[in-house]
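Asks: sequence plus the predicted model coming up.
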Amino acid sequence: MDKKPEIIVAGILDTKGAEIQYIAERVKAAGGQPTILELSVGHQVGWADISVGEVVAKAGHTTEKIFSLDRGQASDIIVEGGIKLVAELLENGKLDGMIAYGGSMGASIATRIMQSLPVGIPKMMLTTMASGDVAPYVGTRDICMMYPIAEAGLNKVTRNILNNAAGGIVGMASPPEITESSDKPLVGCMMFGVTTPCVLRAARYLEQKDYDVMINHSVGSGGRSMEELIRDGFIVGILDITTHEIGDYLLGGVLSAGPDRMTAAGDMGIPQVIAPGGLDLINFGPQDTVPEKLLKETDQPGRGLYIHNPMVTCIGVSPDEAYMLGEHMAAKVNQAQGPSVICVPMRGWGACDLAEPDIELGWAGPGAGPVWVADKEHPEWSLRSLRYVEALRKNIDQDKDNVEVILADLHMNQPEFAELMAQLLEEMLNGQWQKNSHTDRPYIIPF
């Protein structure tokens, strides 16, 4: 007989006990083996399979201690103990999935514990907070957020919803076997709309070479997830084509991936091929969320305004800001332990950064892309690219055998640029890459 999936059913039992008991009953009815995990911050109920006392003991505390604290401090201790407890359950084969129910406090505690579980372990959070901004609850993990309509109470509406959720977590914890081969080495790749042609072509190249390619969306969480996947050992090499999350971090945009973006590959020593994809843009929400200072600068070179849709407004990165980005990225690459190449397309960094309309490269016109700024001496090149390269020349440690900068007389989305990056990574993964081995290509510019 197949083993029943072991499901942790968690929540603050002194306020949501009846609902959590009902979920546990329905998990059992759906074919799972429920274990009720108490996360109470007020008092211990005495009937949980795993009491909050057992949870906080994992963090070296007692219930007397945590119940004397305010709810915020108590919750931090419960999270600390809960993370250790679920890790033990997972290691001992007692956790195949986790479901929780709660309000804002319950969701905060449960999802912080869920975020400690590996990718692929089913995680479901039922909370009314799911109808708002779920980023703090999901983080970078595969957490399923479900809106349960009501904050509390069992009735003909909520029983149906909780029953569905129980069936869902049991189903997620007992999925059909995956028959496709999953032993191909996995390459990471970062993409945004403005770099899509480049990314898709580079990904196809590597897939034809028998790699799997994981393409993350460069919206902040995507970059953080990729950094974690690299550190967790899933990724053998990265095509870091789209790095604008770094720009948003340094320049105040809304799609920042934080200070650790572009560090994991270097620390882990895996091959990385990097480009300034999307770094011509700073991303904001609706136009009224753009800082007034930036709106007043839209008549300056490169500082154009681009309204992508009513919810997304972009401002161009200035040439001086591009220099700062170059300094920052050079410092990151100088620390890398593995082969690392920065490829710079001199004719623009994305679909909004084009000298003239070209639908194949992402801009239909009319006129130049909204953030294009030409160099006076080389009008076919972006002034932004030239300033970025100045920073690289000044800051990159060119004496390191594992670090190289390649300048290409191409646009980011031209097929030749995508294939250059993919070929470089393939050579690195095969142990065949050599610094300065591509200088004979007609579009390569001396660095």
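Replies: Good, I have the coordinates.

Asks: only C-alpha atoms for contact and neighbour calcs from this point on.
Replies: Fine.

Asks: wait, what's in contact with residue 196?
Replies: Shown in contact with residue 196 (Cα atoms under 8 Å, 6 or more residues apart in numbering): residue 413.

Asks: and the helix or strand hosting it, what's buried?
Replies: The secondary structure element spanning residue 196 is helix 196-208 (assigned by DSSP states H and E). Counting neighbours by 16 or more other Cα atoms under 10 Å, one finds that the buried residues in helix 196-208 are 196-206.

Asks: then stretch 343-356?
Replies: Of the residues in stretch 343-356, 343-355 count as buried by neighbour count, 16+ other Cα under 10 Å.

Asks: and of those, the nearest to residue 309?
Replies: Using Cα to Cα, residue 352 is the member of these that lies nearest residue 309, at 13.8 Å.

Asks: show me what the helix or strand containing residue 245 is in contact with.
Replies: Secondary structure from DSSP H and E places residue 245 in helix 244-251. In this structure, residues lying in contact with helix 244-251 by Cα under 8 Å, 6+ apart are 218-220, 223, 253-259, 261, 276-283, 325.

Asks: try it again at 6 Å.
Replies: Around helix 244-251, the neighbours that count as contacts under Cα atoms under 6 Å, 6 or more residues apart in numbering are 220, 255-258, 278-279, 282.

Asks: between the buried residues of helix 196-208, which is nearest residue 409?
Replies: Relative to residue 409, the closest of those is residue 198; by Cα to Cα it sits at 15.1 Å.

Asks: so the closest one versus residue 273, what's the distance?
Replies: To residue 273, residue 198 is 13 Å away according to Cα to Cα, to the nearest Å.

Asks: go on, residue 230?
Replies: 14 Å.

Asks: and residue 340, what does it touch?
Replies: The contact partners of residue 340, taken as Cα under 6 Å, 6+ apart, are 271-273, 402-403.

Asks: now it: phi and psi?
Replies: In this entry, residue 340 is assigned phi and psi values of phi -140, psi 120 (degrees, to the nearest 10).

Asks: please enumerate the helices of the stretch 101-250 of the chain.
Replies: Counting by DSSP state H, counting those that start in this stretch, the segments of the stretch 101-250 of the chain that form helices are 104-114, 135-138, 158-173, 196-208, 221-231, 244-251.

Asks: worst mean pLDDT among those?
Replies: Set side by side, these differ in mean pLDDT, and helix 135-138 is lowest with a mean of 88.

Asks: please work out which residues outside that one touch it.
Replies: Under Cα under 6 Å, 6+ apart, the answer for helix 135-138 is residue 111.

Asks: just the terminal-to-terminal distance for stretch 188-201.
Replies: Where stretch 188-201 starts and where it finishes are 14 Å apart, if you go by Cα to Cα.

Asks: now stretch 116-124
Replies: Here the two ends of stretch 116-124 are set 14 Å apart, with distance taken as Cα to Cα.

Asks: in it, which residues are buried?
Replies: Neighbour counts using 16+ other Cα under 10 Å place 117, 121-124 of stretch 116-124 among the buried residues.

Asks: at the geometric centre of the chain, which residue sits there?
Replies: Of all residues in the chain, the one closest to the mean position by Cα atoms, centre = their mean is residue 222, 2.0 Å from it.

Asks: can you pull the contacts of that residue?
Replies: If you count contacts by Cα under 6 Å, 6+ apart, residue 222 has them with residue 216.

Asks: against residue 410, how distant is the residue nearest to residue 259 when sequence neighbours are not counted?
Replies: Sequence neighbours aside, residue 249 is the residue nearest to residue 259 in space, at 7.2 Å (criterion: Cα to Cα, 6 or more residues apart in numbering). Using Cα to Cα, one gets 27 Å for the distance from residue 249 to residue 410.

Asks: list the buried ones in the host helix or strand of residue 79?
Replies: Assigned by DSSP H and E, residue 79 falls within helix 71-91. Residues of helix 71-91 classed as buried under the neighbour-count rule (16+ other Cα under 10 Å) are 74-87, 90.

Asks: do you know the pLDDT at residue 182?
Replies: 68.

Asks: can I get the CA coordinates of stretch 47-55 in CSV?
Replies: Backbone C-alpha positions of stretch 47-55 (Å, rounded to 0.1, in the frame of the first residue of the first chain) are rendered in CSV as follows:
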residue,chain,number,x,y,z
TRP,A,47,-4.6,19.4,22.0
ALA,A,48,-2.2,19.9,19.2
ASP,A,49,-0.1,17.0,17.8
ILE,A,50,2.9,19.3,18.1
SER,A,51,2.4,22.0,20.8
VAL,A,52,3.8,25.5,20.6
GLY,A,53,5.8,24.5,23.7
GLU,A,54,7.6,21.9,21.6
VAL,A,55,8.1,24.4,18.9
